[in-house]
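>>> mind looking at a prediction? Sequence and model below.
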Amino acid sequence: VTAETKAGTKDWHGTLYEFHRNTALNARQFGIPNRPKDIENDYGGTISGPVRIPWLFSSPQKNSYFFLNYEGFKIRGGASTPTLSIPSLKERQGDFTDWVDSNGNLIPIFDPATTHANPSFNPNLPAGPNNLPFLRDQFMGCDGKTPNVICPDRIQNSLAKQFFQFLPTPTFSGPLNNYVVPVPISPTVFADSLLIDVRVDQYWRDKDHFYVTVHHRGSKPSKVSQLPAQLANEGPYEVNYSFVDRLNWTHTFSPTLLNHFAFGYLDTVIGVTSFNKPYASTLPQIPGAESHEFAPIITFSDDFFSYGNNTSDDGTRPVYVANDLMTWVRGRHTFKFGGEMRRMGTNEAILGNGSGTFNFNRLGSGLNEINSGNPIASFLLEQVADASLGIQTVPDVHPRLRAYSFHFGDTFKVSSKLSLDYGVRWDLFKPSLEKFDNLSFFDLLGPNPGAGNRPGRLAFAGTKWGAASFGRRYPELLWKKAFSPRIGIAYSLTPKTVIRTGYGIFYSNPIYPNWSGGIAQDGFNATIPFSSSNSGYTPAFILSRGFPVIPNSQRPPFIDSSFDNGKDIMYRPFDANRLPYAQQWNLTVEHQVTNDIFISAAYVANKGTRLPSRTAPLNALDPKYLSMGNRLNDEFQSGDTSVDGVVLPYAGWVEQMQGCAPTVAQALLPYPQYCSALQG
């Protein structure tokens, strides 16, 4: 970000402004009965002038000036309001007679307790409406004659009802798109915010100019949620403010020697938490959860709006920057040289999913092969389709990054017609690390004990993690060759024609995966998944019974090089510190036709190298090899170590697969079904 600030002067100046927007001036949104509430005010002003405090800030040798800017912003509501899908009043009581398709036909709700295998199922034919692998009985009410009605005694103890008590009354009849949020959510993250800028200039004699700037931004979150606060799924910023402080000092050593020094500090303080955290105790606490500080998250596939948010993120993001620039005019040369140091980092405590996330889908009360079931019915019946639970042993993360640069340049007036600019810059970006080495990453060369010591493992930064330690504090090899020369030439061909040309190399900063600066903590924390079995017909578990007991062997920390076998893993290549760069060159011809007409023609080129790409990702398999998949079994059985001339990654697999060693089937092979195929 480049920002320019104004300096005060010996005269007083000021401004005031107000921008206002309100509901009365807005049009009504399609599909809702009333105009949404929308009141916005953006207001502020500036004032600047001299600072006159005798002897301290004002004397014949001292002159001081200030500039102050203030801007405030407040918003209530927004120009548009969402329409949500929440269960109808009938559905909350177990009556799903309103659950119909686009043709008005009743979508059947089945009783999961009656699941049984279909004796007429033909496994040699594809499963479908006429070839069902499983059967269930449709709910028929207490009288046995009312389709899609669940008898009240079946769901009287359902935890779902404790959530439903906080649901509002739908705006419209019907099971979907039936609730218009009464007060729209602000289109911005914050409801109130302010900006303050202060600059003070101090001139000391004729040789020194000091000025200090302070930029402050502060924001407050919106106090409105789409659903009542107990069920809100928003995760607003509780606190978000920052100070950007800068000190600048320009010193004139002589008429030909000038130095400018600057120091800057930024610290953003953040506090993000669940909107409904204060109401966690009013909602059911699911047995087996790691924490009940937050309410659980309840989702309903894509049919209905979800409940709850159970994450928080609190911390600071300090950044220090110092740079210096020396300018020296000597004869026909103007030399400039200097450098910069940056220290960046974050200190954050991130909590997530300790109370669990629970998903309910149609299959919990339906059949896979026909249009049936309802996520709300599955919720009432407590049929958890899948769930996850976050277990954290290291909730804090402290990324650190250091960067240094030095540069030299000269503008040389070779003659009255020719000017030459040349220089060189050197950049050093140290790879990001975690302050306490709570960092793990992919080491593509280290032996993996869970894979027969073949290369490729999860490594842990530093040296304190025993056999799983990587040795270095980051995976990349530090690259120190980011030298970037630049040259520019300007030549006056005639008094009215000038030719300019130039070439330069420009390095970018390293690119890291994820928001956290490439800091992954696999092994320290874990998200334990729970899924259904039996083609999804058996639930992961019953909600009121809680999470199944997690064995200690499945609980973190896992300081184990084979922990990520068969899983995703963050990849920071060893050579990733070799920086992306661009080469730029240009040629421009300018000609003055008359006193009022100028013509300029230019050729400008830019060539990037080692640029990160979304269309050509690292280590992507060439699509021409995808067709090999159907022939791998034959090649393995014959003992070949290549397919179509392409050498297989591990020739030793052939011998091990003949015996189908468990470690091979479970940990090594990309497709474990090959083992069972070979046994057959």
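Alright, I've got the coordinates. Numbers count the residues shown, from 1 in each chain.

>>> tell me which element residue 334 is part of?
Element membership of residue 334 [criterion: DSSP states H and E] is strand 333-345.

>>> mind listing what's buried along the next helix or strand after that strand?
Sequence-wise, the next helix or strand downstream of strand 333-345 (DSSP H and E) is strand 347-352. Using 16 or more other Cβ atoms under 10 Å as the test for burial, strand 347-352 gives 347, 348, 350, 351, 352. To be clear about C-beta, it is placed using only N, CA and C from the backbone, and glycine gets the same treatment.

>>> now do stretch 141-159
Buried residues in stretch 141-159, counting neighbours by 16+ other Cβ under 10 Å, are found at 141, 148, 149, 150, 151, 155, 158, 159.

>>> do stretch 209-226 as well
Quick answer for stretch 209-226 (16+ other Cβ under 10 Å): 209, 211, 213, 215, 217-222, 224-226.

>>> same check, this time on stretch 236-244
In stretch 236-244, counting by 16+ other Cβ under 10 Å, buried: 236, 237, 238, 240, 241, 242, 244.

>>> so what's the gap between that stretch and the chain middle?
Relative to the centre of its chain, stretch 236-244 is centred 18 Å away, using Cα atoms, centre = their mean, to the nearest Å.

>>> now stretch 294-304
Distance, centroid of stretch 294-304 to centroid of chain: 21 Å (Cα atoms, centre = their mean).

>>> ok, back up a step: can I get the buried residues of stretch 141-159 in TSV including pLDDT?
Formatted as TSV, these follow (pLDDT from 0 to 100):
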residue	pLDDT
141	95
148	97
149	97
150	97
151	96
155	96
158	96
159	97
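
>>> on contacts alone, who are the packing partners of whichever helix or strand residue 322 is part of?
Using DSSP H and E, residue 322 sits within strand 311-330. On a contact count with 3 or more Cβ pairs under 8 Å, 6 or more residues apart in numbering; DSSP states H and E, strand 311-330 meets strand 257-272, strand 333-345, strand 347-352.

>>> tabulate these (a markdown table), appending mean pLDDT and distance to residue 549.
Output for the helices and strands packed on strand 311-330, formatted as a markdown table (pLDDT from 0 to 100; distance: least, Cβ to Cβ, whole Å):
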| stretch | mean pLDDT | distance to residue 549 |
| --- | --- | --- |
| strand 257-272 | 94 | 32 |
| strand 333-345 | 97 | 39 |
| strand 347-352 | 92 | 22 |
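
>>> tabulate the buried residues of strand 347-352 in CSV, adding columns for distance to residue 464.
Putting the buried residues of strand 347-352 into CSV (distance: Cβ to Cβ, whole Å) gives the following:
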residue, distance to residue 464
347, 20
348, 22
350, 22
351, 25
352, 25
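
>>> of all the residues you listed, which two lie farthest apart?
By the measure Cβ to Cβ, 347 and 352 form the most distant pair in the buried residues of strand 347-352, at 17.2 Å.

>>> now residue 582, what's its secondary structure?
Look at residue 582: counting by DSSP: H, G, I helix; E, B strand; the rest coil, its state is strand.

>>> pull the contacting residues for it.
505, 506, 508, 606, 607, 608, 609 (Cβ atoms under 8 Å, 6 or more residues apart in numbering).

>>> how about the nearest residue to residue 313, chain neighbours excluded?
residue 272 (4.2 Å; Cβ to Cβ, 6 or more residues apart in numbering).

>>> what about the one you found, how many neighbours?
Neighbours of residue 272 under the rule other Cβ atoms under 10 Å: 20.

>>> show me what contacts it?
235, 236, 237, 238, 311, 312, 313, 314.

>>> just the buried positions in the helix or strand that contains residue 431, please.
Assessed by DSSP H and E, residue 431 sits inside strand 418-434. For strand 418-434, the neighbour count (16+ other Cβ under 10 Å) marks 419-421, 423, 425-434 as buried.

>>> low-confidence regions, this structure specifically.
1, 54-60, 79, 186-190, 515, 616-621, 629-680 (pLDDT under 70).

>>> which residues of it fall in helices?
89-92, 152-155, 160-164, 375-380, 632-638, 653-659, 662-663, 673-679 (DSSP state H).

>>> what residues does the first one touch?
Residues outside helix 89-92 that contact it (Cβ under 8 Å, 6+ apart): 96-99, 161, 164, 167, 169-170, 175, 374, 376-377.

>>> can I get it in CSV? Just the C-alpha atoms.
Coordinates of each C-alpha in helix 89-92 appear next as CSV, following Å, rounded to 0.1, in the frame of the first residue of the first chain:
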residue,chain,number,x,y,z
LEU,A,89,-44.1,-24.9,11.6
LYS,A,90,-45.6,-28.2,10.6
GLU,A,91,-42.2,-29.8,9.9
ARG,A,92,-40.9,-28.8,13.3
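
>>> give me the distance between it and the centre of its chain.
37 Å.

>>> which of the residues in it are buried?
For helix 89-92, burial by neighbour count (16+ other Cβ under 10 Å) applies to 90, 91, 92.

>>> quick check: the first one vs residue 496, distance?
Residue 90 sits at a distance of 85 Å from residue 496 (criterion: Cβ to Cβ, to the nearest Å).

>>> same question for the last one.
Applying Cβ to Cβ, the value for residue 92 to residue 496 is 83 Å.

>>> nearest residue to residue 6 other than its sequence neighbours?
Closest to residue 6 by Cβ to Cβ, 6+ apart is residue 67, at 5.0 Å.

>>> and that neighbour, bridged to which residues?
Listed by DSSP bridges, the beta-bridge partners for residue 67 are residue 48, residue 199.

>>> that one: what's it in contact with?
Contacts of residue 67 by Cβ under 8 Å, 6+ apart are 5, 6, 7, 8, 46, 47, 48, 197, 198, 199.

>>> stretch 269-285 spans what distance, first to last residue?
Start and end residues of stretch 269-285 are separated by 31 Å (Cα to Cα, to the nearest Å).

>>> residue 112 - how many residues pack around it?
Using other Cβ under 10 Å, residue 112 has 20 neighbouring residues.

>>> wait, it sits on residue 364?
Yes - the criterion here is Cβ atoms under 8 Å, and residue 112 meets it with residue 364 at 6.2 Å.

>>> residue contacts, the closest residue to residue 268 other than its chain neighbours?
Among residues not flanking residue 268 along the chain, residue 242 sits closest, at 4.0 Å (Cβ to Cβ, 6+ apart). Each residue near residue 242 by Cβ under 8 Å, 6+ apart is listed here: 216, 217, 266, 267, 268, 269.

>>> now, which of the residues you listed sits nearest residue 321?
Nearest to residue 321 among the contacts of residue 242 is residue 266, at 8.0 Å by Cβ to Cβ.

>>> thought the closest one was touching residue 316?
No - contact criterion Cβ under 8 Å: residue 266 and residue 316 do not qualify, at 10.2 Å.

>>> comparing these two, which residue is more hemmed in?
Between residue 266 and residue 316, counting by other Cβ under 10 Å, residue 266 is the more crowded of the two (17 against 13).

>>> give me the nearest residue to the more buried one, chain neighbours excluded.
What sits nearest to residue 266 in space, not counting adjacent residues and going by Cβ to Cβ, 6+ apart, is residue 319, at 4.4 Å.

>>> need the helices and strands packed on strand 311-330 in TSV (columns: distance to residue 297).
TSV is the format used below for the helices and strands packed on strand 311-330 (distance: least, Cβ to Cβ, whole Å):
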stretch	distance to residue 297
strand 257-272	15
strand 333-345	30
strand 347-352	10
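
>>> so which of those strands comes closest to residue 463?
With Cβ to Cβ as the measure, strand 333-345 is the member of those nearest residue 463 (21.4 Å).
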